Structures are given as structure tokens and as C-alpha cells.
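**Student:** pasting the sequence and the predicted coordinates here, then a few questions.
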Amino acid sequence: GALSFIKFCNWPFFCPSHILSSSSKGKQQKIMRIIVAAFVVIGSAAAFTPAFVPKCSTQRNTALSMSDDEASSSSPEPLRIGTRGSPLALAQAYETRKRLIASFPELETEGAIEICVMKTQGDMILDKSLMELGGKGLFTKELDTALLNNEVDICVHSMKDVPTWLPEGTILPCNLPREDTNDAFIHKDGSVKTIADLPDNSVIGTASLRRQAQLMAQNPTFKCVNFRGNVQTRLRKLDDGVVDATLLAIAGLKRMGMDGCATAVLDWDEMLPAVSQGAIGIQCRSDDERSLKYLAALNHPETNSCVICERAFLEALDGNCKTPIAGQARIIDGKIVFRGLIAMPDGSLKYDIEKEGSVEDAAEIGRTAGEEVKAQAGDKFFEMMVEMSPQQVLGQITK
């Protein structure tokens, strides 16, 4: 299947070389690394999409020439899943497919589910930071358009990529069970185990302002450089010595069987994760009863409540990719416990907030936390963030 092929391509060849035992290194390993790396460079989405993925139809035909009897006897229309083409996105789409088949055996029939792969603006422009490109929505706009044009029935997203607003006519009623939400720290040779042990002036690859701000709050001498591309590309750059270390969501590594690449998993005190990190969300048209029925069976209420809380915090702050924001909720002993922060891009200012309460009040808890931390920071903080150009923000980070 797709996920097996993805795991084959990723492990162990794309892990930094220190993870491989010394006995396994040699000419044969180097040749294999070159061969597998070539698949990533050449292949794009198709290289990771199994042969049995059907070509997705663009829009359903009503077949007006069919008689009523012919129409009633025809097979049901396939359920079309829209997804980006990265290995991680495909892993998430196939996880969704697996769960749909487990809940609705009729979907196991060949052709009952189609995987529709599409590229987004965020996938195509990799030499600029997300902030420079315009922030949120870069990985969802094309999927939104396909959904509204009836080219797909549902869209599978990494929730941290989804803006707090959704296009009119669409709804996001489903979150799958959440993976570990923490960030993974990956050092180029494994000799440094924690962020605190990195030497001054270390170069760290990340495209996330949230990570950059928290890193620089710990050590202002760090230099953070734009580090985009899929997981395999980033790990290859790390192995090539482009940077000293990088941070990735452990959830994505686990979904592709690559969590062995992590030097360490960071707790919330070291690196508070992004809003909705580790959560998969599934979107559909608000009037599509069939898709709503399928997604209701897949929704994980605990994950959904935590995501609702975190996104309410983000919405209260009017968060975008120019503002470093982190926020995480957990359900502990029947209560929802939330932690959030906002910071200046260079880590020079940081404001934290903690709230807890009833799970039923998840949205209100997140909204209140956002309003309170906004009041802590004051109007001047947000005025500075609005006035700063992407170049000025990046200048703060790389100075």
C-alpha cells in the first residue's frame, strides 16, 4: 500500500547518517541513499502514490440520458478524497481511507474511494518563507476550490495548516484521533541531545516563526534559516550539513514510520507546539449529507474539543504566519487544560497563558485565553507586529 511504500522510501535512508550503525555504512549504503534520494527529487507526488490510485474525475456528470431504471441500478458514485501530494499528506489520506472502510465495509469495493492529489501554492514555492507568501491558507486554497466545484467530496488536512475561517458552504466536522503533538529535535550527528546544549551561534533550520521565537528566547545567538520542503528533503539537507539541527512535528514522523530520526522529543516547557499540531481534520460541503454521515462516524470527540479550544485562541488573536503563536489543549481528569503563548519573532518578548474548565466550554476557554494574553501584551505589541514587513521580521531572526 501507499504507506508501506512511503516507509520504505523514508527509512532508514533519509535519516541523518548518525542514526545508522557504523557497520551498515559503506559503498552499498551510499549507492542506495543516492537512488532513493533521486526518487524524491524526480518523483513529486506521483512517486509516492501507489499504482492503484484512480485518476480523479473533475466533476460528476448527471447522465441525463440514462433511464430511471438504469440510474437506479448503476453503482454509487465514488467518494473522492482531496489531498496534497506530499508523502505525509498521502499517509494521512490513506489513514482516512482505511478508517472509512473499517466503518463502512461497502467502501472497500474497488473504485468506491478515489484519492485525488493536487498541488497547492505552498507546495510549489519553497524558496520563500510562509510569512513572505502570505501565511495561512497556502496549503488549503486549491483544496477548498476543488471542494466547492464538486471535484472532490472531502478534503484531508493537517489541522495546523487550516485557517480559522472556512469558505462559505464548507464545514470541518471531523478530527481523527490525535497523534503526539510535541516537536522533535533532530541534530545533524546526534551528539547534542537538547536545545539547551546547542553551542552559541548554532544554525537551526525551520520555517516556523513559533519555533524560531522560542528557540531565540532560549539563546539569542542562534541563527534560524528558512527550511522548507517535505520531511525527506529537510532531513537530507540536515544530513548534508546545511544546518546544525532542525525541529519537526513528531506526529508527522510517526505517521510515516520515521520517528527513529528524532534525537529527542521536546516537552511543552522546551517548545510549546502549534495550534492543532498533530491533528488531522476532514472538510466537506455543508450540504453533503452522504459525506457528513461518513465523517460523523470517524470524528474523535476528545481531539475535536481540544482543536476547537486551540483554534478559538488563535482566532481571538487573529493569528497569522507573521505572529509567533503556540497553543495546546489536553483533557485531564475530565477537564480541558489549555496553554498558550505569543512572542516577538526574535524571542525578546513572550507572553504565556494557562486556562482550564469544562470540556463543553472548549471554545469559550480558548477565546478567553486569547483575549487575556492579548491584553497582557498590549496594543503596542500587536501594532509592532502589523507594521513590521516580512523582511523586517526575518531581519530580527537572522541578525
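**Tutor:** Structure received.
**Student:** please make it C-alpha for all contacts and neighbour counts, starting now.
**Tutor:** OK.
**Student:** for the chain, which segments count as helices?
**Tutor:** Ranges of helices in the chain, per DSSP state H, are 2-10, 27-48, 68-73, 87-103, 121-124, 130-133, 141-148, 209-218, 231-239, 250-255, 289-298, 301-316, 362-387, 390-398.
**Student:** show me what counts as buried in the longest one.
**Tutor:** When neighbours are counted by 16 or more other Cα atoms under 10 Å, the buried residues of helix 362-387 are found to be 362-370, 372-374, 377, 381, 385.
**Student:** going by mean pLDDT, which of the helices of the chain comes out lowest?
**Tutor:** If you rank the helices of the chain by mean pLDDT, helix 27-48 sits at the bottom with a mean of 40.
**Student:** hang on, isn't Asp244 packed against Asp200?
**Tutor:** No: counting by Cα atoms under 8 Å, Asp200 is not a contact partner of Asp244; they are 11.3 Å apart.
**Student:** of the two, which one has the most company?
**Tutor:** Asp244 (21 against 12; other Cα atoms under 10 Å).
**Student:** next one, pLDDT for Pro50 please.
**Tutor:** 39.
**Student:** same thing with Lys223?
**Tutor:** So Lys223 comes in at 95 (pLDDT).
**Student:** which strand residues bridge it?
**Tutor:** Val203 (DSSP bridges).
**Student:** tally of neighbours for it?
**Tutor:** Neighbour tally, Lys223, other Cα under 10 Å: 19.
**Student:** try Arg290
**Tutor:** 11.
**Student:** where's it relative to Asp333, distance?
**Tutor:** With distances taken as Cα to Cα, to the nearest Å, Arg290 is found 35 Å from Asp333.
**Student:** what's the answer for Glu151, then?
**Tutor:** Taking Cα to Cα, one finds Glu151 at 43 Å from Asp333.
**Student:** now swap in Cys306 and tell me
**Tutor:** 14 Å.
**Student:** then Ala93?
**Tutor:** From Ala93 to Asp333 the distance is 32 Å (Cα to Cα).
**Student:** dump the residue contacts of Asn175.
**Tutor:** 279-282, 298-301, 303-304 (Cα atoms under 8 Å, 6 or more residues apart in numbering).
**Student:** one more time with 10 Å, if that's ok
**Tutor:** 156-159, 279-283, 295-296, 298-305, 307 (Cα atoms under 10 Å, 6 or more residues apart in numbering).
**Student:** pull out the buried residues from those residues.
**Tutor:** Buried among those by 16+ other Cα under 10 Å: 156-159, 279-283, 295, 298-299, 302-305, 307.
**Student:** middle-most residue in the chain, spatially?
**Tutor:** Ser158 (3.9 Å; Cα atoms, centre = their mean).
**Student:** pLDDT score for the residue lying closest to that one once chain neighbours are set aside?
**Tutor:** Take Ser158 and drop its neighbours on the chain: the residue closest to it by Cα to Cα, 6 or more residues apart in numbering is Ile280, 4.9 Å away. With respect to pLDDT, Ile280 has a value of 97.
**Student:** residue contacts, Ile280?
**Tutor:** Here Ile280 is in contact with 89, 92-93, 95-96, 156-161, 174-179, 303-304, 307 (criterion: Cα under 10 Å, 6+ apart).
**Student:** Arg99 contacts His300, correct?
**Tutor:** No: counting by Cα atoms under 10 Å, Arg99 stays clear of His300, with 11.8 Å between them.
**Student:** give me the common contacts of those two.
**Tutor:** Leu176.
**Student:** what comes up buried for stretch 248-266?
**Tutor:** 248-253, 255-259, 261-266.
**Student:** burial count for Leu79?
**Tutor:** Residues near Leu79, counting by other Cα under 10 Å, number 19.
**Student:** so how far is Asn149 from it?
**Tutor:** Taking Cα to Cα, one finds Leu79 at 15 Å from Asn149.
**Student:** now do Leu90
**Tutor:** Taken as Cα to Cα, the span from Leu90 to Asn149 is 22 Å.
**Student:** between those two, point out the one with more neighbours.
**Tutor:** Using other Cα under 10 Å, the more surrounded residue of Leu90 and Asn149 is Leu90, with 26 against 12.
**Student:** for that one, give its distance to Asn230.
**Tutor:** As for Leu90, its distance to Asn230 is 12 Å (criterion: Cα to Cα).
**Student:** next one: Asp183
**Tutor:** Relative to Asn230, and taking Cα to Cα, Asp183 is found at 16 Å.
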